[in-house]
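Student: Mind folding the following:
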Amino acid sequence: MTEHVGRRPGWDCAVCGRAWPCAPAKAELTAEHRGQQPALVVFLGSCMLAAIDDCVEGDLFERFLGWASHDPIRTVTDKFDTGVAHPARRYNYWLGGKDNFAADRESGDLLAQSYPAARIAARANRAFLGRAVRYVASEAGVRQFLDIGTGLPTADNTHEVAQRVAPSSKIVYVDNDPMVMAHARALLTSTPSGETRYLEEDLRHPAKILSSASSVLDFSQPVGLILVAVVHFLPSQDESLSIVESLLDALAPGSHLIATMATTDLLTPSLRANWDESLRTGRSDVYPRTRDEFAAYFSGLSLVSPGITPVADWRPDPDADEHPTPVEASIFGAVGRK
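Tutor: Presented below is the predicted three-dimensional model:
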């Protein structure tokens, strides 16, 4: 199949240069689907995916997958369990995206009942990522990044921030949600002098991640390791510390760890009780860390000023539209140098 990337109506096809939806795209779609004017149609080798960004309901996305005439798509969609919430898609929902399903939205709403500022916290966490990557790329001079727990692409992704500073930067993204990988391959493009790669892998398999990432990253040179809002999905402090240590041990001196984790340290007693109850009843899969527990991940590293802070307070942008309080963005963030 011809590789083809279609974009929003009114844009040109990234491959054939004709107005979207162009003939190659139309040939693959039924009349019913053509009437829906999807935001994105992607042909990657023998695989076709679609994300209907203009439709809030995830079931339309699933219907389109059923309309696809190519069997290879089923090898990808078989990995999707749209009835089970996934953190990446829930995070996308909180950020205002539409690449999510009913289960993700239900999970997001349930968590928001316990922590009403969840959407504010998601935005603050994302803003921290941009500021931290910008620091590591510009002031520390790091030109390689390993971003684990990438999430669905949105504005100012890691490669965009880093390559804005240094176009030759190389970035490897890692996530365990097939939907994230589908979007990443479609939406995240590198500068000509840099490189971007995407791995479908789990944080709990650090050796596999390092082995695959070594085809792009030179581990004899400094790397920015990004673990933003991902480690707190591992309930065991000891297991997660071991995983992070394994990743850091493989990195050269001058490498940096950029990390954030949810905490209840900054919450009011009533909000802390709500969070504890959501964990007890299984409504939440986020296991918060205390400040001391979070600091343990930076053992042996030199913390970059201002050290461990609520994410909104780490080198804040005075021109930002939002300035959340620690209660609204109850997430610790820090950057450490090896």
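
Student: residues making contact with stretch 316-325?
Tutor: 117, 120, 121, 123, 124, 127, 131, 312 (Cβ atoms under 8 Å, 6 or more residues apart in numbering). In short, each C-beta sits where N, CA and C put it, glycine included.

Student: can we see that at 10 Å?
Tutor: 117, 120-121, 123-125, 127-128, 130-131, 134, 266, 306, 309-313, 328-331 (Cβ atoms under 10 Å, 6 or more residues apart in numbering).

Student: Any chance of a ChimeraX selection covering the buried ones in the residues you listed?
Tutor: To isolate the buried members of these in ChimeraX, using 16 or more other Cβ atoms under 10 Å:
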select :117,120,121,123,124,125,127,128,130,131,134,266,309,310,311,312,313,328,329,330,331
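
Student: Among the contacts of stretch 316-325, which are located in strands?
Tutor: Applying DSSP state E to those, the entries found in strands are 309, 310, 331.

Student: of those, closest to residue 109?
Tutor: For these, the closest approach to residue 109 (Cβ to Cβ) belongs to residue 331, at 19.5 Å.

Student: distance of the closest residue to the closest one other than its chain neighbours from residue 151?
Tutor: With sequence-adjacent residues excluded and distances taken as Cβ to Cβ, 6 or more residues apart in numbering, residue 331 is closest to residue 311, at 4.7 Å. Applying Cβ to Cβ, to the nearest Å, the value for residue 311 to residue 151 is 15 Å.

Student: Determine the three-state secondary structure at residue 277.
Tutor: What DSSP: H, G, I helix; E, B strand; the rest coil gives for residue 277 is helix.

Student: mean confidence score for stretch 110-129?
Tutor: Here stretch 110-129 scores 80 as its mean pLDDT.

Student: how long is that stretch from one end to the other?
Tutor: Start and end residues of stretch 110-129 are separated by 25 Å (Cα to Cα, to the nearest Å).

Student: ok, now stretch 160-176?
Tutor: Stretch 160-176 stretches 21 Å from its first residue to its last (Cα to Cα).

Student: try stretch 221-234
Tutor: With Cα to Cα as the measure, stretch 221-234 spans 29 Å from end to end.
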